[in-house]
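J.: Sequence and predicted structure below; questions after.
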Amino acid sequence: MNKNGRSAPGAQDKDRGRAALLADIRLFVLDMDGTFYLGDRRLDGSLEFVRYVQEKGRRILFFTNNSSRSPEVYVDRLAGMDCRISRDQIMTSGDVTIAYLKENYPDRTVYLVGTEALEVCFRGEGIPLWEPGDARPDVVVVGFDKTLTYEKLEHACTFIREGAVFLATHPDINCPTETGFIPDCGSICAAITLSTGVKPKYLGKPFQETVDMVRLRTGVEPAQMAFVGDRLYTDVAAGVNCGARGLLVLSGETKLEDVAASQIKPDGIYRSLGEMKELLETVL
């Protein structure tokens, strides 16, 4: 800022560049925890961003790597924050995993380390799940399981050692909450890998399967979409590594100083969705 309260010329140029980057996007793929809300609190400016983008004829798709809840639960949760969307505007890493199983392991039996909500989603899509007394499953799938037990870990490790394919819904190590971070899917998988020596194939963000599924559902090509979120290694990487844009918001896990140490460099950095709206208003 100069003494008149205006941004310095260099800062103004930078803001114009960040605004122009947003103006080219036709589909914003938004993370949820740490981006639109944190815990049960909607982040300031996030709802206004969603409404403004849609008023201007652009599209919104919410995508969360959190596979512990069903998409319908997220629709209801957002509605409780005055953000009303349809089922086709929400996608989870569980959705990507189900699609991957159908394409690559049709009719194969799956041992699922996940919540009851994820189990209901799998069964609803016709994925055959392992039951006690069945032969060894063909695939072990690990999700973000808040109902994790030692028995589940033991079964998963045994089946993987016996030759089952090891898949994970997403690689997130921690899940942000209003009071800090709790272990996520990547942490559970790390324990299994340490025990078995086998690493999983991860799905969800930042992997190509996710970007492909977004393109198929929306009809928008990656060059016209942006993945927006608070994590470099999932949200931002999904964009920059797969032909889309990767935009970082500093409202959740990642801090500005983390960017310099990361190999993943965002196409744009914003304080929040609220700041993104303010910049969009200068170009749309």
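T.: Received, thanks. Numbers count the residues shown, from 1 in each chain.

J.: chain center to the longest helix belonging to the chain: distance?
T.: In the chain, taking DSSP state H as the definition, the longest helix is helix 9-23. Relative to the centre of its chain, helix 9-23 is centred 26 Å away, using Cα atoms, centre = their mean, to the nearest Å.

J.: Determine the set of other helices and strands touching it.
T.: Using 3 or more Cβ pairs under 8 Å, 6 or more residues apart in numbering; DSSP states H and E as the contact test, the elements touching helix 9-23 are strand 245-249, strand 268-270, helix 273-280. (Glycine included, C-beta is placed from N, CA and C.)

J.: got the contact list for it?
T.: Helix 9-23 is contacted by residues 6-7, 226, 245, 247, 267-270, 276, 279-280, 282-284 when judged by Cβ atoms under 8 Å, 6 or more residues apart in numbering.

J.: and Asn163, what does it touch?
T.: No, residue 163 isn't Asn; it's Gly. Arg136.

J.: Now it: which helix or strand?
T.: Counting by DSSP states H and E, there is no helix or strand that carries Gly163.

J.: buried residues in the lowest-mean-pLDDT helix or strand in the chain?
T.: None of the helices or strands of the chain scores lower by mean pLDDT, DSSP states H and E than strand 174-177, at a mean of 81. Neighbour-count burial for strand 174-177, counted by 16 or more other Cβ atoms under 10 Å, picks out Cys175, Pro176.

J.: Which residue ranges of the stretch 101-250 of the chain form strands?
T.: Applying DSSP state E, counting those that start in this stretch to the stretch 101-250 of the chain gives strands spanning 110-113, 139-142, 165-168, 174-177, 180-183, 201-202, 225-229, 245-249.

J.: Deepest-packed of these, please.
T.: Most buried of those by mean neighbour count (mean count of other Cβ atoms under 10 Å) is strand 225-229; its value is a mean of 29.

J.: Would you single out the least confident of the strands of the stretch 101-250 of the chain?
T.: Among the strands of the stretch 101-250 of the chain, strand 174-177 carries the lowest mean pLDDT, at a mean of 81.

J.: what are the pairing partners of that one, and which direction each?
T.: strand 180-183 (antiparallel) (DSSP bridges).

J.: ok, and what's touching the least confident helix or strand of the chain?
T.: Under Cβ under 8 Å, 6+ apart, the answer for strand 174-177 is 33-34, 38-39, 66, 144, 181-184, 187, 230, 252-253.

J.: Hey, what's the angle from the longest helix of the chain to helix 273-280? Just curious.
T.: 100 degrees (axes from the mean of the first three to the mean of the last three Cα atoms, to 10 degrees).

J.: Name the residues of helix 9-23 that come out as buried.
T.: Arg18, Ala19, Leu21, Leu22.

J.: Give me the neighbour count for Leu27.
T.: By the criterion of other Cβ atoms under 10 Å, Leu27 has 22 neighbours.

J.: again, but for Arg84
T.: Neighbours around Arg84, by other Cβ under 10 Å: 11.

J.: Which helix or which strand is home to it?
T.: Going by DSSP H and E, Arg84 is not in any helix or strand.

J.: Report the contact partners of it.
T.: Leu78.

J.: Show me where the stretch 1-150 of the chain dips below the pLDDT cut-off.
T.: When residues are selected by pLDDT under 70, those of the stretch 1-150 of the chain lie in 1-10.
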